[in-house]
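**Q** the following comprises the amino acid sequence and a computationally predicted model.
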Amino acid sequence: MQWITRLLSPVKPADFSVLQTDLHSHLLPGIDDGVPTLDEALELIEALAQMGYQRLITTPHVSGERYPNTSATIREKESAVREAVRKAGIPVEFRAAAEYMLDENFGRLLRENDLLPLDEQGHILVEMSFLHPPLALHKYLFELQSKGYKPVLAHPERYPFYHLKLEEYQALKQAGCLFQINILSITGHYGPDVQQSALLLLKQGMADFLGTDAHRMRHALTLQAALRSGHLEKPLTRHLFHNSAMS
C-alpha cells in the first residue's frame, strides 16, 4: 500500500479530523456495490484514516431484493475486516452498521427489531429509491421513532424529486428525520443539481451529519483533491455537525 502514501500525502489546511467519524461508507468486501476485495477495503480505509478520520462506521446496503444482507452476514464481515485493519496497523476504529432501503423488507426488520444502529443513541441510516419516495415513508419515520430510534436520511440532496424543494426537506425535518449529506455532493461529484441541493441544505442549517459514502479509491482521491483546493474548508468549519458524537 505504499502508493497510497504517495497519492494521499498530508492534507492542508483542513482535513476530516474535525468530524472524527465517517458514518456512511461501503467498506465490507463483496456484499454490496462497495469494495470488492479485502485488499481494496484496506487501501480505502487507510486512505480515509490518512485524511483525518479516527472512526469509520461502515454501512453496507440492506434491501429486500438487491442486497439481502442480514445483521449476521454484516457482523461476520465486520469482524474479518476489523481484524485485518488491526494487523495492518491502521490507526482507526472500525465497525459496521447498515444503510437500510425503506422497502417491505425494512418494515419486517423494524417489526422484528433487527436493525444495526450507527451508535448507542439509536441513529439508523436509511435511504430510498432515486425514482420516488416510498408510500410508507412517514409511517416508517414514525415507527422508527416510536421504537426509540432516530432516523437519519442518507444523502437527501441526491434524490431528484427533492432537488431544491425546501418545503419537502422541511416536511421531512418536521417528521423527525435527520439529514446526512455526502461530502462528495459538495464537491460536485454527482453533478450540479445535487451540488446545489447540498449547498442549499448547508445554507439553511438543515444538515446534521456529513459522510463520505465512499465505495472506491477514486472517491478518496476526489475527497483529497477537494480538501487540497480548500473547497471543503467552509462546510467543515462554519457548520455544526454531530459526527464527533458518534460512539
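**A** Now that the structure is in, tell me what you want to look at. Residues are numbered from 1 along each chain as shown.
**Q** just the helices in the protein please.
**A** Across the chain, reading from the start of the chain, the helices by DSSP state H fall at 2-7, 38-50, 71-88, 104-112, 137-146, 166-174, 183-187, 192-203, 217-229, 233-238.
**Q** can you lay out those as JSON lines showing distance to Asp32 and mean neighbour count?
**A** Just so you know, the C-beta spots here come from the backbone N, C-alpha and C atoms, and that holds for glycine as well. Conversion of the helices of the chain to JSON lines gives the following (distance: least, CB to CB, whole Å; neighbours: other CB atoms under 10 Å):
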{"stretch": "helix 2-7", "distance to Asp32": "23", "mean neighbour count": "10"}
{"stretch": "helix 38-50", "distance to Asp32": "12", "mean neighbour count": "21"}
{"stretch": "helix 71-88", "distance to Asp32": "10", "mean neighbour count": "15"}
{"stretch": "helix 104-112", "distance to Asp32": "14", "mean neighbour count": "15"}
{"stretch": "helix 137-146", "distance to Asp32": "21", "mean neighbour count": "16"}
{"stretch": "helix 166-174", "distance to Asp32": "25", "mean neighbour count": "14"}
{"stretch": "helix 183-187", "distance to Asp32": "17", "mean neighbour count": "24"}
{"stretch": "helix 192-203", "distance to Asp32": "21", "mean neighbour count": "18"}
{"stretch": "helix 217-229", "distance to Asp32": "14", "mean neighbour count": "17"}
{"stretch": "helix 233-238", "distance to Asp32": "27", "mean neighbour count": "14"}
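**Q** would you mind measuring from Ser229 to Gly188?
**A** With the distance defined as CB to CB, to the nearest Å, Ser229 ends up 11 Å from Gly188.
**Q** what pairs with Arg95 across the strands?
**A** According to DSSP bridges, the partner residues bridging Arg95 are Ile57.
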